[in-house]
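Engineer: I would like to see how this sequence folds:
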Amino acid sequence: MHYDVIVIGGGHAGIEAAWAAARTGASVALITMDYQAIGRMSCNPAIGGVGKGQMVREIDALGGLMGLAADRAGIQFRMLNRRKGPAVWAPRAQADRNLYPRVVQELLSRERNITIIEGVVESLEADPPRADKALPRITAVRLVDGRRLATQAVVVTTGTFLRGLMHCGEKQACGGRIGEQAATGLSASLQALGITLGRLKTGTPPRVHRDSVDYSATEVQPGDQDPTPFSFMTDTITQPQVCCWITYTNPQVHEQIRANIHRAPMYSGQIRSSGPRYCPSIEDKVVRFADKSFHQVFLEPEGYDDERIYCNGISTSLPIDVQEKLVHGIRGLERVRILQHGYAVEYDFVPTHQTTAGLRCKLVAGLFLAGQINGTSGYEEAAGQGLVAGVNAVRWLRGEEPFTLGREQAYIGVMIDDLITRPPTEPYRMFTSRAEYRLRLRGDNADQRLTPMGRQLGLVDEQRWQRFTHKREQLAMIRRYCHQASWQGMPLSAWLRRPQADVEEFSRAVSEAAGVSVPREYLWQVLMEAKYDGYLARQDRQVDRMRRLETMILPATVDYSAISELRSEAREQLHRVAPRTLGQASRITGITPADIMVLWIKLRGGKAALPPVASTGASTE
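Structural biologist: Below you'll find the model as predicted:
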């Protein structure tokens with residue numbers, strides 16, 4: 001059987017890759033070990049958060065699935081950072097861990113171009129390089145049971161399953177997550193194709209029975225009264241919301257951890273790979289932040305009818321006997337029944353100096369990589385990469401230019417540019433602080449930024465497009481009105497910039513003076529544009545300057561070792577990453593402005609005109 005694109009892995013990257021490739025007209029096979037595991041939430045059943053929530057809205061704006069699934073499976077919705085500026089407002093939803101994969105599977109079943117195949121991939125087959133083809137070229141995927149699926153494009157989205165090894169104290173077991181086997185043959189196949197692999201580590205906390213928690217000893221954390229959906233296709237969230245709760249560790253718990261730190265795999269030497277610095281285990285927190293007497297623990301239900309409570313904040317791989325004392329030492333958890341103990345997982349990944357900005361492997365023609373195999377952490381990061389990789393697998397087959405997103409266009413673009421120019425040595429996690437243009441990359445305007453691109457790519461259907469164009473017309477009408485009307489004795493456009501201007505008063509001005517009623521979210525977006533107009537104009541100038549660097553193409557044949565004016569570190573890093581443009585080169589770790597000046601002069605044939613000064617820009621392949 002032949003497929004245009006084969007996606008390996010049914011996690012969040014694989015879902016979006018298969019969906020995107022199929023929406024563009026390709027025949028797609030999605031290979032998963034277990035159909036019921038498609039869309040499974042291995043760790044916390046939650047979607048969104050700071051930086052991540054904005055990325056989910058971007059995935060949705062491009063025509064992806066994650067936002068739709070989160071809206072249907074969410075059981076508590078909260079907009080984070082409301083007390084801060086709108087650039088860092090971030091939607092987050094606790095989801096029902098059983099309902100979410102069912103929703104995803106139902107959405108995938110609607111796409112006739114997707115065939116789901118249960119099986120374990122043993123190897124990738126590729127034609128060896130020939131004189132006219134410098135790279136081996138993908139020809140098929142071989143399964144453990146002997147089946148051979150022919151293809152010219154493969155997207156690998158294996159998550160934590162590549163030679164996955166789970167740790168709980170001194171105990172070790174092969175597996176990508178608890179109760180599921182690891183994928184072992186594929187790693188050897190990738191290495192046989194000349195790809196270098198590394199190892200990373202992630203972890204998960206204990207789960208406790210919901211009926212054994214003393215909630216009276218905790219702080220209640222309700223959801224928002226008026227929940228904000230992730231998808232631009234969702235009008236309102238109608239399902240009931242549940243509460244979460246907060247409790248804290250204490251000095252006694254910390255002392256228990258310190259007394260047993262030698263039994264923690266990360267400290268005993270049993271685990272040698274790097275874990276996520278921004279989402280550390282509780283043993284890491286106690287060691288790294290020794291001056292803190294407590295850490296927050298969020299008690300989050302895993303579903304409406306699920307008996308499990310996820311103990312967010314105490315991820316651990318300490319032995320079971322230590323975990324029992326640790327958990328029972330926390331206020332409100334003294335008598336809980338632990339249903340699943342925490343554990344760590346080590347897994348293979350592909351260091352991203354081997355990958356282009358279109359998520360194509362530089363060493364094998366037709367091979368694309370997305371998700372944790374690229375060194376990231378999190379469902380949202382994986383989904384964003386999956387969409388880009390799925391689109392680009394099809395574009396590569398058709399001989400089209402790769403689809404890439406700039407840092408000024410999307411958080412997805414920031415993430416991929418970070419991965420390519422600064423290959424991760426620890427699991428990468430998205431934060432708003434990583435985006436220098438975050439005031440422009442708000443969640444509310446993701447559709448205005450990206451839906452036209454999704455339409456051009458073939459991802460956005462007619463229903464979404466009509467909804468988008470109606471909103472765009474409404475926004476244009478409001479902006480025109482603001483430049484024509486007055487309110488409280490001054491031009492409305494000037495009034496909007498006043499500190500006391502709010503969306504309620506703005507709504508009253510529009511409805512009374514213009515005689516029209518428009519959705520609150522549209523008014524809020526125009527209000528934010530007005531308040532931050534000066535800052536946005538400044539960012540526009542920065543973007544324009546950086547775009548000049550992005551137009552300076554670095555030839556693929558350039559020999560950096562022969563440029564004696566470059567420092568030895570710069571020559572090594574430039575050779576390793578092989579940047580496509582001068583802008584991309586400027587963002588590589590270890591590259592200085594002086595190095596960029598040297599390259600600029602070389603590109604200009606020795607003319608020492610100063611390059612434009614800018615902080616960042618778009619990534620190109």
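
Engineer: which residues touch the most centrally placed residue in the chain?
Structural biologist: Against the mean C-alpha coordinate of the chain, by C-alpha atoms, centre = their mean, the closest residue is Glu381 at 1.3 Å. Listed by C-beta atoms under 8 Å, 6 or more residues apart in numbering, the contact set of Glu381 reads 52, 55, 371, 415, 428-430. Where C-beta positions appear, they are placed from N, C-alpha and C, glycine not excepted.

Engineer: let's see 7 Å
Structural biologist: The contact partners of Glu381, taken as C-beta atoms under 7 Å, 6 or more residues apart in numbering, are 415, 428-430.

Engineer: go on, Ile117?
Structural biologist: Contact analysis of Ile117 by C-beta under 7 Å, 6+ apart lists 29-31.

Engineer: which one among those residues gets closest to Arg545?
Structural biologist: Ranked by distance to Arg545 (C-beta to C-beta), the contacts of Ile117 are led by Leu30 at 42.4 Å.

Engineer: which SSE is that closest one in?
Structural biologist: Using DSSP states H and E, Leu30 maps to strand 28-32.

Engineer: So which elements touch that strand?
Structural biologist: With contacts defined as 3 or more C-beta pairs under 7 Å, 6 or more residues apart in numbering; DSSP states H and E, the packing partners of strand 28-32 are strand 5-8, helix 12-23, strand 114-118.

Engineer: Can you lay out the ones you listed as CSV showing mean pLDDT?
Structural biologist: Output for the helices and strands packed on strand 28-32, formatted as CSV (pLDDT from 0 to 100):
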stretch, mean pLDDT
strand 5-8, 98
helix 12-23, 98
strand 114-118, 98
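
Engineer: Ok, which of these comes nearest Trp524?
Structural biologist: If you check each of the helices and strands packed on strand 28-32 against Trp524 by C-beta to C-beta, helix 12-23 wins as the nearest, at 28.0 Å.

Engineer: Point out the other helices and strands that that closest one packs with.
Structural biologist: strand 5-8, strand 28-32, helix 99-109, helix 379-397.

Engineer: and the second one, how far out from the chain's middle?
Structural biologist: Read it as strand 28-32. 21 Å (C-alpha atoms, centre = their mean, to the nearest Å).

Engineer: Run me through the strand neighbours of the following helix or strand past that strand, direction for each.
Structural biologist: Note on strand 28-32: by DSSP H and E, the next helix or strand toward the C-terminus is strand 46-48. Next to strand 46-48 in the sheet, as set by DSSP bridges, lie strand 90-95 (antiparallel).

Engineer: And the helix or strand containing Ile601, what's buried?
Structural biologist: In this assignment (DSSP H and E), Ile601 forms part of helix 593-603. For helix 593-603, a neighbour-count test (16 or more other C-beta atoms under 10 Å) marks 595-596, 598-601, 603 as buried.

Engineer: repeat for stretch 340-356
Structural biologist: Applying a neighbour-count criterion of 16+ other C-beta under 10 Å, one finds 341-356 buried in stretch 340-356.

Engineer: And stretch 224-242, by the same measure?
Structural biologist: Neighbour-count burial for stretch 224-242, counted by 16+ other C-beta under 10 Å, picks out 227-234, 237, 241-242.

Engineer: Could you dump those into TSV with pLDDT and distance to Asp4 added?
Structural biologist: Listed next are the buried residues of stretch 224-242 as TSV, based on pLDDT from 0 to 100; distance: C-beta to C-beta, whole Å:
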residue	pLDDT	distance to Asp4
Pro227	95	39
Thr228	95	37
Pro229	97	33
Phe230	98	29
Ser231	98	27
Phe232	97	29
Met233	97	27
Thr234	97	31
Ile237	96	37
Gln241	95	42
Val242	97	42
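
Engineer: Throw the residues you listed into CSV and include distance to Gly386, thanks.
Structural biologist: Formatted as CSV, those follow (distance: C-beta to C-beta, whole Å):
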residue, distance to Gly386
Pro227, 26
Thr228, 24
Pro229, 21
Phe230, 16
Ser231, 17
Phe232, 19
Met233, 19
Thr234, 21
Ile237, 25
Gln241, 28
Val242, 29
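
Engineer: Farthest pair within those residues?
Structural biologist: Largest separation among these by C-beta to C-beta: Phe232 and Val242, giving 24.9 Å.

Engineer: rewinding a little: separation between the residue nearest to the centre of the chain and Leu124?
Structural biologist: According to C-beta to C-beta, to the nearest Å, Glu381 and Leu124 sit 24 Å apart.

Engineer: Turn the buried residues of helix 593-603 into a markdown table, including distance to Pro499.
Structural biologist: Output for the buried residues of helix 593-603, formatted as a markdown table (distance: C-beta to C-beta, whole Å):
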| residue | distance to Pro499 |
| --- | --- |
| Asp595 | 44 |
| Ile596 | 40 |
| Val598 | 47 |
| Leu599 | 45 |
| Trp600 | 43 |
| Ile601 | 48 |
| Leu603 | 47 |
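
Engineer: out of the residues you listed, who's nearest Tyr437?
Structural biologist: Closest to Tyr437, out of all of the buried residues of helix 593-603 and judged by C-beta to C-beta, is Ile596, at 20.1 Å.

Engineer: Does the closest one touch Ser586 like I think?
Structural biologist: Yes. In this structure, Ile596 is within contact of Ser586 by C-beta atoms under 7 Å, at 5.1 Å.

Engineer: Low-confidence ranges, the stretch 501-621 of the chain, go.
Structural biologist: Along the stretch 501-621 of the chain, segments meeting pLDDT under 70 span 513-516, 606-621.

Engineer: So which elements touch the strand or helix carrying Gln463?
Structural biologist: Per DSSP H and E, Gln463 falls inside helix 462-484. When contacts are defined as 3+ C-beta pairs under 7 Å, 6+ apart, helix 462-484 packs onto helix 446-457, helix 492-495, helix 520-531.

Engineer: Nearest to Glu550 among these would be which one?
Structural biologist: helix 446-457 (17.0 Å).

Engineer: gap between stretch 478-489 and the chain center?
Structural biologist: In terms of C-alpha atoms, centre = their mean, the centre of stretch 478-489 is found 39 Å from the chain centre.

Engineer: let me redo that: stretch 138-149
Structural biologist: Centroid separation between stretch 138-149 and its chain, computed with C-alpha atoms, centre = their mean, is 29 Å.

Engineer: Ends of that stretch, what's the gap?
Structural biologist: Stretch 138-149 has an end-to-end distance of 11 Å (C-alpha to C-alpha, to the nearest Å).

Engineer: What about the contacts of Ile117, which one has the most neighbours?
Structural biologist: Leu30 (28 neighbours; other C-beta atoms under 10 Å).

Engineer: who does that one bridge with?
Structural biologist: With DSSP bridges applied, Leu30 shows beta-bridge pairing to Val7, Ile116.

Engineer: Tell me who's in contact with the closest residue to Gly194 other than its chain neighbours.
Structural biologist: In this structure, Gly194 finds its nearest non-sequential neighbour in Leu363, 5.1 Å apart by C-beta to C-beta, 6 or more residues apart in numbering. Residues in contact with Leu363 (C-beta under 7 Å, 6+ apart) are 135, 193-195, 354.

Engineer: Show the buried residues in the residues you listed.
Structural biologist: By 16+ other C-beta under 10 Å, those give 135, 193, 195, 354 as buried.

Engineer: Doesn't Glu436 belong to a strand?
Structural biologist: No. Counting by DSSP: H, G, I helix; E, B strand; the rest coil, Glu436 falls outside a strand, being coil.

Engineer: Next up, phi/psi of it, please.
Structural biologist: Backbone torsions for Glu436, taken as degrees, to the nearest 10, come to phi -70, psi -20.

Engineer: how far away is it from Asn392?
Structural biologist: 25 Å.

Engineer: quick one, which of the two is more surrounded?
Structural biologist: Neighbour totals were compared for Glu436 and Asn392, and Asn392 leads with 29 against 19 (other C-beta under 10 Å).
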